[in-house]
Each structure stands twice: as structure tokens, then as C-alpha cells.
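> no letters, just coordinates:
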């Protein structure tokens, strides 16, 4: 079993499927997410004739990805609130990686489909989604569709928390469901924050606990950004 | 115009409407939210026979609350993703104020309906919703339905951000739409964090910028918690 | 308690909120409805290039407006049948007040959101909605967007019924739920009918009872039209 | 062509289909409605253990019933507002014909499906639905399921209006779409009103015009109630 | 009662209703389906500017058509899976009857609404729908809108099965619900297959059983194609 | 490139994910489907207290599985008609493999999620789903929850068609989209038909063409059933 200050094993398999412009299977411990990036040569109405592109994301869990089978959203006739929220988070995170003017008037949709869940699926989605996005950009470059590289920086995400009083890096499902505090941090590979989402349903936390958690996260990000770059070699 | 380190004017009018157990109109600058707390003597299925209660929240904007009229969710046939996300945030925040065992097997639903929006509607909802919740608890006490006071602590929320390089407290709509960083902070009246949600779509932020923002927020919370208590006198 | 031939107290507060072109809070006894009129410079497809405008209305009740909390329509995934029916009634009534050719190719949407309900919400919506509509027209005039005043006449509405055998004006919730006959009457300020909707689930009614009810209504309309005009001064 | 004070030809064919307890095809001029009454041995939740029954109605138009094909509601994913409103009207009208205590704890659902529309579909639905309901009651009686006849009185409906200044009985589609006033009247066979719905989108109407219209309607009802009874012989 | 190698009585009544370009009531034993064909002078997006037309179908059952009342799809807020599947089958079958280039850029929608069901509703829909389609084509010809007849061949359908070990033609509801094998066969009047759908939930079937069933079907098709042509005379 | 009478390469990877009772990744050429079987200790209402179990299936395509990205069903708010139809087919096929009395009152849901599509996804779903189902049954046996093995026989599926006049086994996407006839055949490992679905949108087919196609299918089934059994060893 991993220690509180360690990451789980992370493997990023590039070009997993063949139709999407970028495709990655990220295995983060027992959390597996298929991240794909598809390119469409059009933008949403609010960006038409702006010269700018768009990046968006959709997150969903397969019914059999969870311990107990999860009903499909299409059966319920409405998107799942938690899933919609994560889709929005992943989209915001990945947009922070891209210079939309350099991307040009096209949309990249990053789909994050969870094949198997064991905690940290949104962090795996952002981390794997970044690689799928980079692969799609590479493909656009190889097709001579981009003048300049639109990638501003890499982004990745990791969770931290406080479990039984102990600041902990990279919560799996068991940790997550019992943690006093659960925080997801999205950072750039230049060490700045893109998004912080810390929640304390069980026990409020202090400034100093916050500092301990961000320190742990920064430690983990070193490995994570290295894994991303290795996958792209 | 208010300074970067100031709050807008806040007024909390208790007992605004008469059917809900607790009802508050919070006017936070030009942001007006009607917060009501209704009590039902039943709990969701996952809590049945647990002896525990539940607190949940629903957030929605009236069509005419925004600068340009906003289409109704019921017309679109699905709940609005942003609204659902804020409903979940308000619910989590308010649950951190209540000892569910002392509440007993009943549900308090806090509705936050925005009559007029000018930035910071989610923070006004949490802050006003806490007062509506406290009024509903008072009513339950006056009806001899509670043995012990289930309020663990008060919670409130405020936004902070970085606007044109300046750390800024309490963003109105104009600030919000141009800020580099936008962070919503939910705290207890004992000075601990319940929820942190910081987003940097335009410009990533550093640890020290984070510290400046939380310091501003803490300054604002003093006034905010006082307003809540004054409304309950 | 009011007598059978009296109206409840009516107060119409103009310019209640600030984003809509016209905004009114009507307090009709304990029934409170926020009526707002928003202008859009476009018309529905069937009126494009006709030179004519359109007036439409949407009616909805806040969840906490009723004695027992009412579930939101967006949660149920479909508009509420009763609410849709009232929306259509309010729209028809207000269209009878406007010369669409003089309005020009624009749409005025009147939103009637019930903050607190105690019977007669559809009549309050029509009566308050008329004032919001007039305020929006005034605003268009002050912006020099209209050549001629498109208001043909004022419209208002009141309920009448037969309660315990007694013809009664202006039914509150308690009256409404026990009345043998419940009739909503929409009239112009020139004394003509726009809409009659009389229903007798408990006890069919005769011609002469109909005459007694309309006589009562006409008496009430004098006060109601005066209240509308006072609010616009 | 019929005169302004005449009814169109009305034919009521009983037992048109075989699965429903009561089934009628009503041909009212070129308006054809299949009205069926199905019995279920249960009641809605609000009537359980009350000893009372329930009557409800559903109205819908086949896609090919109108001049231009009408899209199916199920395709649009939501019930049609006009159809829902008419369903509610038909239900209220038919409930006025039944003593729910004598019906016992069962529900009769009257489906009114318009095969061909030429104006007056809601009146044909109420008039034909009444016969289908009566046939279903007869069947319950023949099965010895009722102690007493629950039919209080017959109900029927007819439209009247003012077309080009002329008070007119029984509007067909061409009349209906140009009428200044359109009123649907539901009466009992004892000459009392169950429901009045008069609408003047084009031209408000006076008390005396109202009297002329109701007089015309009463004349028409004599024939209509006779047609109903003939169909049941 | 009919023998295993016989068809039920089939009657096809042309021009049953008047608004649709083609309209047929097909009575196939106690299965009655109203089949109408409406023409619109436009095509779906994927065919625009192709010079080709389109034929599509929609199948639905009236609530009172079944032994026990069937809830309306619009009430459930989603189309019925079985109904959608049959709509697709009927559409495919009827498209096989038409040369889309000769039809020109217009859409014919064939609505099949089951008034009364007793097994074989999809076969009655295809068979009756073909006649409605042919009537609509005749109308287009009489209006001089077609240069050449677009009908390639007639199509019709019949069910066959194995009931209690006996190969059986034309299953009614009672047969259908107990059959070991149920197969729907769509053929052209030139004796070729358009669609085969055989299902064995209870008992798998062999090649030779398949041959016995298709032989029975071919025998039935002779009568069925004659009925279609008689209706068009 | 494969010959007309050959199968594509098939690989069935058992135990691909870990939460479901049975899990298989089937790679059938470039068509990849994740098939999982989840067990719930309850049955649908129509089987309660019958002592019988139930097997059902759900089929869906990931957005990035197709050449052009496919919009999610949950975004459209309704299940996809083609997907629903395939779900029903897979369910029927798999139910033919199980003795429901021996399964006992539990439900096995087989999810077939297409990760990558290149024709034949429904056949891959049935073939892979059978293995997932068998793995789930093995797990139930190892948990001592079954008295007797409920598997009656294995089922599998393959497509055949006529492409450019040539009877062809196992159509990939390119073949499928140009075939004159496309037929999916579901068989038991005992050589009997469970389901036949043959469609000829382009060109009707004859009895003898049907025989050529079924002969090809039977040849393919030998390999397919061997692959299933190998995966279970």
C-alpha cells in the first residue's frame, strides 16, 4: 500500500484508439480513463468570426466503472449533475493550456470516459486529457494547419486531502470517502495554480493545513508532468 | 465606487415572505437573493432510519435578474449546468453548519432565488441561506421539535479575486467578468475553511497571491458574520 | 377579514428591480408577484418581416411561495401544466392591450414570478404585468424607439366566485379552495371583456349567478384600474 | 354551408373499437374524435382509501389530423401546451358528470384522439367523451361492480363566437381562425354552466354580446344532448 | 377461427381522412391501423441539393388500442423504444418502394397510428402505409409535380411463426404471445426479400423451419398484394 | 485485406476491468467493445416472486469511437434510437443463453460500450457479452449462489452481406456502408438460429442469396465459438 506522501502508479498509453486526433488511456492506480481529443473545424456561436478557437471537455463514467453499477445518464433523461460539474472543470483547466488565437477557428473536444474508477477520476481526466490535447495539436501541426504552437503550458491535476489527521497525496476511493478534507489542485508545469477546489464536509481546515496540502501536491506534480512528457516522446 | 479592500453594502431582511419556516431577502450591493428554508418531516432514501437529518439547497436565477433576459430552465427541459453546480456548493456549505444527528430525521431545503444579479450571487446565497436556515431552526425550537440546537457554527461566503493585478474583495459583475482570478471562499465563524474554489482562466496565480486574497477575505468575513447575527436578533 | 363584496388591499411598487425595462412588485393581499417586462429586438419566426411586434408571458411560482414547498419544474424536467396554462392566459390578456403594428418588430416578454401565493395569482400577474408592460413601453418611448404609443387600452383581472352560496369578489386561497364556482375575468379599462374563465367543479351555475358575479367584478375593476394608473405616475 | 345559428351535422358511433370499456367515434362536421373510456381499479395517491373514484382525460391530435402535418409530442420530448390545457378542461368537464363516491375507488381515463380536425375539437371531445364515459359506466353496471348509478347529469360542450359582427354557433376551423370572440361553453343537460371560456384576442366583447352567444349555445345544446342519448340507446 | 396456413380477413379503406395526401384505414382482423402519407416540399439536411427525396415513417399506438390501456409516450417524456424500432422498420421498408431521384426533393412522412391492436401491427402498418404512399404519389402526379412515377415496386409485410410446433401464417395477439418463433417478412411484389426479422426467445429454429415459414409467407403475400391493388383502383 | 469468406482477427481479453462480475474487451478487427456483466439481487417488477431471473443489455458508443465524433445521448436528452434497438437485440440474444429459473431472482445487466467502431459492433457486443455473462455466472457459482448452471447454450453473432454481388462474411465499416444486403445472424453453439435480421435497402434479395449468406455465417461461427471458449479457459 502506498504511503501518505506518495503517488499511485501512473501509466499513460498514447494512441490507444485510432479515430480521434489524440487518444490516451491513462491508468492512475486502478483509475482508468480513456481521454480522446477530436477536432472540428467550427466554433460555438459566440466565437464565430473572432479568429479564436475553443477547447471543451465532456466527462462520463461507464456504468460498470464503479463498485456498484451506475445507471446511464441517457436512461435518466438528464445529464448527471456531478458529471456536468467535472466536465466544466476539465474544460476550464484545459483551456488554460491553449492560446486560442494560435489555435484558430476550430474546436477541440476532449472526452474523458472513465472505464474503471478508484478515486481521482477528475485529476486523471485533466492529466490524461492534456496529453490527448497535445497529441491532437501535434496532428494539426503535421497536417500544416497551425502556424504557431498554441500550447501555452502543460496542465495537470492531483488530489490532496486530510485523512485521519494526516495530510495525504493522491486519494484513492477508500481514502476519498473517509477524508475530512478533499482538495483537487490544477497547476501549470510552471508551478502556478489554475484551479483550487477544496471541500471540507466533515471538518473545516486551517491556513496551515492548506499549506501542508499544497506542498504535497507540488511534490507530486513533478512526477506527473514527467509522465505526461514521456508519453509524448 | 467601493475600494478594492471593501465590501459592498449588505442588508439582510428577515421574515421577508411568510410560508417558509425561514425567509430572508439579502441585498448585497445590487445582488438580491430571496433565501427560504422549508422543513419536511422526511429524509432522502439513503438516510431513512438513520436518525439523521439532511440539508439541501436549490439555486436559480429569475429570467429578469440578469442584464439580458435569461431563458427559464423549465423551457429548456433540463436544469442549467451552472445553476446545478451552485446548488451543490450551497448545499455542501450549509451542511457544514449543522449537526445532522441533532436535527433529527427531517430535511431542510434552502431555496436561493436570485431576484437581481450583480456578481457574487453564490456568496450571497450561502450567506443569506445560513440566516434562513437559522430562522427555520428557531421555528423548530419554538415548536419543541428539537432537543438540542443543531447549529454547529455559522457559515458565510465571499468572493475575492485579482483584477488588473490588484487583489480585490467582493467582486461585482463588472469586476467578475474581467478578473484574472476569481475565488469563492466559504468559512465558518470560527475562522476555518469549508470550501475554496479558485479559478484562473486568464492568468495562473501563485502561492503569495493566494495568501493576499485569503487575508482580504478574512477581513470581509468579520462584517459579514456580524450582519448575519444582527438579522437574527 | 374582508367582506364578500370587497377587494383585498392592493399595492403596486414600480421599478422594483433594475435590469428589466419594466419591473413591478404587486402585493395583492398576501399574494406577491414580481412582474417584469424585457424587450428584445426580434420577433418569433411567424412574424418576421411583418412589421409587427409580439407580447408573451411566462408565469411561475417560486418553490417557497406556497404553503407546502412546490417542486421546481426544472427538476421534474417538464413545465408544469397549470403554469403553462396561466402563462398562455396572461400572454393573451396582455396582447389585447397592445397594437402590434405600433410596437414594431420587437418582443416584450412579461415574466410573472410568484414570490408568495394566497389565491388570485393569475389575476395579480395580469394586473401587475400590465403595469410592467406600460413601464417598458415608456422606456422605449424615452429612447425614441416608438413613433406612436402602442397601448390600446389597459387590461386587468380579478376573480369572482360563489362561496357558500354567496357571490364573492376577489377570492383568497381559503375561499378559492372551497368555492362552488371560481371565475377569472379579464377586462379592459373601457369596460369590455377580454377573457372569461368560469369553472364549476362542485356546483353548476345559472345565468343569474353569472350576472351577479360580473357585477361584483365590475365594481372591483374601478379600484384596480386606479391602482395601475397611480403606479405609473 | 350552414347558417350562423345552426349546428354542423353530428354523428356519434358507439362501440367503435373493442378493447376500451367505452368507445365512441364522434363525427362533428369534418371534426372526428375517437373517444374511449378505460377503467382501472386504482386511484391517484391523493384519493387512496377515500372511497372515492376519479375521472381524468387526455386529448391529443394525430399528426395527420391537421391541414399541415403536426409534429408528434413524443418527438418534441414534452407534452404540447395547448393539448395539456384541453386535457385539463375535458377532465374537469367530465368530472362534473360523476358522483365520485358512487363510482368507488377506480379511475376512468377518457382518451380523446383527434383523427381529423376542422374546429371545435375540444367540444367534440367533451361531448363524445361523455358518451364513452356513460358506456364504461354501463359496462361496470353489467359487471355488477356498482351499487348505484354514478352519473349525476350529462355534460356536453359547444363553441359560439362573433364572426364579422355576427353571433355564430358552432365555429368550424375557418370561422374559428377569423372570429373576434371565441367561447367554449360546457353545460349540463339540466341547463346549468359547468365551464365558460371566452377569449377576445381581436376585439373585446360586451355583456349583451355575451348574452346573445349563450342564447345561441343553449339552442344548440338541445340537439347535442339528444344525439348523446340516441347513441346510448 | 382461422387455420394455421390462412390469413385473417384484410380490408383496406382508401381516403379515410381528408387532410393527408394519402390516407388509408387498414383492418387486418381486429388490428386496425390508420396510415396517412403527408408531403412536405423539403428534405432532411443530409439530402439538401441532392435532387433526391425522402420517405420516413412514424408508428404509434393509441392508449386505448391495447387490451390494457397504454400510457402515452408524451407523458413519459421519451419515445417508446419498441415504437421507435417499428418506425425505423416501416421507414426502411417503404423507402425500398421508391426511386428517390424520381420523387424529387420532397419528403413523404407515413404515419401509422394503431387504433386497435390484435397482433401484426407492424405488418399492417407496412402494408397499409404502402397504399397511403401510393395515394400520395397519385396526388402528386395529378398535381403535375412528378415527371416519372417514382414507385419501383410495391412492398408489403406479413408475420409467420412456429406455434406449438406448427408453422403458422399471420399471428394474432394470442398466437404471437405464445409463439416459439416470430418472424416478420417484408417482400416486394416481385417476390424478393426487403427485410427479414426472425426472433426465437423461446426456442431456437433450424434452416428447414425457416424454409417452411417463408413458404407460408409467400402464399399469404399473393392475397396481400391483391388487396393493396384493389384499394387503389 | 481479408477475403470475402474470411473473418477478421478476433481477440477476447477476459477480466479487463475489475468491478463488474464479468468483464471482457473484445477486439474484432478494429471494432473494440468493452462488455461487462453486473449482477443485482433483484428483478424487474413483472418477475417479482416468480423465482425467475432476468438478463438485460445496454449498448452505447463512446463519442470518439466513430470516424466523426458522435454527440452523447445525455446531451441530446434522449436515448439514441439505433442504440436502443441494438440494446434490445443484445438483450434478447443473451436471454436465449440462460435458463431463468436456474439463475434465480437476480438480474444480470450486460453493458456493451463501443470504444472503437469499424462495423459489426452489435455482433461483437453479443459475442463478447456472452463471455462476460459466462464469467459473471462463474463468479456466482464460485460464491455458491447457484444450484445448477443456468447457461443453456452459448450464443454468438456475425454479420453477412452481399457486396458488389459477392456474398461476404463479417462486414467492416467500409463494406457495411456499401452493401446491398446486410444481415446479422445470432446462433447457438448447437447450430440453431436465435435471431435473423436481414435488410436490403439497396437491392432486394432472393431465397438462394439467403442460403449462400447463412452458409458463410455457419462457417464463421465455428471460429467464433472457439474464441469464446478459449477466453473462458
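That came through fine. What you are looking at is a predicted structure, and each value in this text was computed from that prediction instead of being measured.
> excluding chain neighbours, what is closest to the residue nearest the centre of chain A?
The central residue of chain A, meaning the one whose C-alpha is nearest the mean C-alpha position (C-alpha atoms, centre = their mean), is residue A:126 at 1.0 Å. What sits nearest to residue A:126 in space, not counting adjacent residues and going by C-beta to C-beta, 6 or more residues apart in numbering or on different chains, is residue A:157, at 4.0 Å. For glycine as for every other residue, the C-beta is placed from the backbone atoms N, C-alpha and C.
> and the helix or strand containing the one you found, which strands flank it?
In this assignment (DSSP states H and E), residue A:157 forms part of strand A:155-163. Strand pairing for strand A:155-163, determined by DSSP bridges: strand A:166-169 (antiparallel), strand A:181-188 (antiparallel).
> hey, which helix or strand in chain A has the poorest pLDDT?
Lowest mean confidence among the helices and strands of chain A (mean pLDDT, DSSP states H and E): helix A:73-76, at a mean of 75.
> report whether that one contacts chain F.
Yes. Between helix A:73-76 and chain F, judged by C-beta under 8 Å from any C-beta of the partner chain, the touching residues are A:73, A:74, A:75.
> next, format these as a markdown table and append distance to residue F:101.
Output for the residues of helix A:73-76 next to chain F, formatted as a markdown table (distance: C-beta to C-beta, whole Å):
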| residue | distance to residue F:101 |
| --- | --- |
| A:73 | 34 |
| A:74 | 32 |
| A:75 | 28 |
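> now, which of the residues you listed lie close to chain B?
Judged by C-beta under 8 Å from any C-beta, the overlap between the residues of helix A:73-76 next to chain F and the neighbourhood of chain B is nil.
> most neighbours out of the residues you listed, which is it?
The most crowded member of these is residue A:74, carrying 23 neighbours; neighbours defined as other C-beta atoms under 10 Å in any protein chain shown.
> distance of that residue relative to residue F:73?
Here the criterion is C-beta to C-beta, to the nearest Å. By it, residue A:74 lies 4 Å from residue F:73.
> now residue A:33: closest residue in space, sequence neighbours ignored.
Using C-beta to C-beta, 6+ apart and skipping residues adjacent in sequence, the residue nearest residue A:33 is residue A:124, 4.7 Å away.
> and residue A:35, by the same measure?
Leaving out its chain neighbours, residue A:35 is closest to residue A:128 (C-beta to C-beta, 6+ apart), at 3.8 Å.
> and for residue A:227?
Distances taken as C-beta to C-beta, 6+ apart place residue A:10 nearest to residue A:227, at 5.1 Å, with adjacent residues excluded.
> just checking, that neighbour touches residue A:224?
Yes. Taking contact to mean C-beta atoms under 8 Å, the distance of 6.8 Å between residue A:10 and residue A:224 places them in contact.
> intersection of neighbour lists for these two?
residue A:127 (C-beta atoms under 8 Å, 6 or more residues apart in numbering or on different chains).
> quick check: longest helix of chain A.
Using DSSP state H to assign secondary structure, the helix with the most residues in chain A is helix A:207-232.
> quick one: mean pLDDT over that helix.
Across helix A:207-232, the average pLDDT comes to 96.
> elements contacting it?
Counting by 3 or more C-beta pairs under 8 Å, 6 or more residues apart in numbering or on different chains; DSSP states H and E, the packing neighbours recorded for helix A:207-232 are strand A:10-14, helix A:121-142, strand A:155-163, strand A:166-169, strand A:181-188.
> re the thing from before, what do residue A:74 and residue F:73 both touch?
With C-beta under 8 Å, 6+ apart applied, the overlap between the contact sets of residue A:74 and residue F:73 consists of F:60, F:79, F:80.
> of the residues you listed, closest to chain A?
For chain A, the nearest member of the shared contacts of residue A:74 and residue F:73 is residue F:79. The distance, counting by C-beta to the nearest C-beta, is 4.6 Å.
> my read is that that closest one contacts residue E:80, right?
No. Residue F:79 sits out of contact with residue E:80 when judged by C-beta under 8 Å, with a separation of 11.1 Å.
> between these two, which has more neighbouring residues?
Applying other C-beta under 10 Å to residue F:79 and residue E:80 shows that residue F:79 carries more neighbours, namely 22 against 19.
> what's near enough to touch that one?
Residues in contact with residue F:79 (C-beta under 8 Å, 6+ apart) are A:74, A:75, E:78, E:81, F:73.
> now residue A:227
For residue A:227, the contacting residues are A:10, A:11, A:12, A:127, taking C-beta under 8 Å, 6+ apart as the criterion.
> also residue A:94?
Listed by C-beta under 8 Å, 6+ apart, the contact partners of residue A:94 are A:55, A:57, A:110, A:126, A:129, A:130, A:133, A:155.
> need the phi and psi values for the second one.
What that stands for is residue A:57. Dihedral angles phi and psi of residue A:57 (degrees, to the nearest 10) take the values phi -140, psi 150.
> same question, the first one
Recorded main-chain torsions at residue A:55 are phi -130, psi 130, according to degrees, to the nearest 10.
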